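Engineer: Give me the fold of what follows.
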Amino acid sequence: MKEIVIISGKGGTGKTSITAAYAMLGGEEVIVADCDVDAADMHLLLQPDWAYAEDFYSGQLAGIAEEKCLHCGKCARICRFKAIDLIDGKYQVNNLNCEGCGYCHYACPADAIIMEEQNVGKFYISRTKAANSLVHAKLKIGAENSGKLVAKVKKEAKRLAEEQNSRYIIVDGSPGIGCPVVSSLSGADYVVLVTEPTVSGLHDLRRVYQLVKKFHIAAGCIINKADLNTEVTAEIREFLKEEKIDHIMDIPYDEAFTKAMTLGKTIVEYKGTNLESRISESWILLKKILRSEK
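Structural biologist: Modelled structure (predicted):
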């Protein structure tokens, strides 16, 4: 079993569209994990059945039991996050400011502060139109701990892959280099970097690859919209050569990317364009690379 993580340094490069296309091409031999939990949208293309849902709890927030409170104000004085206010003669916790550190809980002389575990989102296990399983999740608005939810999604995907004897786990990671990306990369066998030939695209490709290097994971790159700026495309190719990153495929600009999404289809389902063959070729090449990896 090989775990492939598909990421990009910035949003809008076509990362999720390519991941969903690979899910369709892989069919029953893959398990798909949507680890972009802050803005999950894989379900828009794979049409899951939402068969299983479970609340996800992570982190704590303080709450004050009014009947026990002595109104001494110690909690408000020691809170470095200014999360406890005196309102109408009562001390109350501002949930947006509370970091859940628990210092007030331990310092309260009346044991009036209770630390409550928070429901920060849901995770799902579904069957998709590609005849495979999708593990996906949704973080609540304003909720934190996305890295832990990503770890949960990956753990469930690996369990399913072992149960179903799947050959590949395909992970759609978040853009950027934050905590969710770090969590997505943990345990991966290979990383596919999706970029575009713009100044910001190249800059963020360099940045995200510095993160990948810290994990010592082999990587390949797909240059999407490669014909839009041939000068920057050449710079990207040179960067790939310097860093010994596999150059998997150049994909030309094609409005079919957008048209397929509006129809709720993956690229390989959308006919009348050469994108289907290009993506299919890249999937075949990717599997060949993985077979050669030790």
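Engineer: Low-confidence stretches in the stretch 51-200 of the chain?
Structural biologist: Filtered on pLDDT under 70, the stretch 51-200 of the chain yields the residue ranges 144-145.
Engineer: ok, which stretches of it are strands?
Structural biologist: Taking DSSP state E, counting those that start in this stretch, the strands of the stretch 51-200 of the chain run over residues 52-64, 84-87, 90-93, 113-127, 133-139, 168-172, 190-195.
Engineer: which strands and helices sit next to the last one?
Structural biologist: Using 3 or more CB pairs under 8 Å, 6 or more residues apart in numbering; DSSP states H and E as the contact test, the elements touching strand 190-195 are strand 2-7, helix 15-26, helix 199-214, strand 218-224, helix 275-292. (C-beta placed from N, C-alpha, C; glycine too.)
Engineer: mind giving me the domain split of the chain?
Structural biologist: Per automatic domain parsing, the domain ranges recorded for the chain read 2-47+128-292, 59-119.
Engineer: got TSV for these, with mean neighbour count and distance to Ala53 too?
Structural biologist: Formatted as TSV, those follow (neighbours: other CB atoms under 10 Å; distance: least, CB to CB, whole Å):
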stretch	mean neighbour count	distance to Ala53
domain 2-47+128-292	19	10
domain 59-119	15	12
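Engineer: got TSV for the strands of the stretch 51-200 of the chain, with distance to Leu44 too?
Structural biologist: Shown next, in TSV, are these (distance: least, CB to CB, whole Å):
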stretch	distance to Leu44
strand 52-64	17
strand 84-87	41
strand 90-93	37
strand 113-127	13
strand 133-139	11
strand 168-172	12
strand 190-195	18
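Engineer: Now name the helix or strand holding Glu238.
Structural biologist: Using DSSP states H and E, Glu238 sits within helix 230-243.
Engineer: Next, the residues that contact that helix from outside, please.
Structural biologist: For helix 230-243, contacts defined as CB atoms under 8 Å, 6 or more residues apart in numbering pick out 195, 197-199, 201-202, 205-206, 209, 213, 221, 223, 226-227, 245-247, 250.
Engineer: Send me that helix as PDB with only the CA atoms.
Structural biologist: Extracted in PDB, the C-alpha atoms of helix 230-243 (Å, rounded to 0.1, in the frame of the first residue of the first chain):
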ATOM      1  CA  THR A 230       6.300  29.800 -20.800                       C
ATOM      2  CA  GLU A 231       9.000  31.800 -19.000                       C
ATOM      3  CA  VAL A 232       7.900  30.900 -15.500                       C
ATOM      4  CA  THR A 233       7.200  27.400 -16.700                       C
ATOM      5  CA  ALA A 234      10.900  27.100 -17.700                       C
ATOM      6  CA  GLU A 235      11.900  28.400 -14.300                       C
ATOM      7  CA  ILE A 236       9.700  25.800 -12.600                       C
ATOM      8  CA  ARG A 237      11.300  23.000 -14.700                       C
ATOM      9  CA  GLU A 238      14.700  24.300 -13.800                       C
ATOM     10  CA  PHE A 239      13.800  24.200 -10.100                       C
ATOM     11  CA  LEU A 240      12.500  20.700 -10.400                       C
ATOM     12  CA  LYS A 241      15.700  19.600 -12.100                       C
ATOM     13  CA  GLU A 242      17.900  21.300  -9.400                       C
ATOM     14  CA  GLU A 243      15.900  19.600  -6.500                       C
END
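Engineer: tilt between it and helix 199-214?
Structural biologist: Interaxial angle of helix 230-243 relative to helix 199-214 (axes from the mean of the first three to the mean of the last three CA atoms, to 10 degrees): 10 degrees.
Engineer: For helix 230-243, the averaged confidence score.
Structural biologist: Across helix 230-243, the average pLDDT comes to 97.
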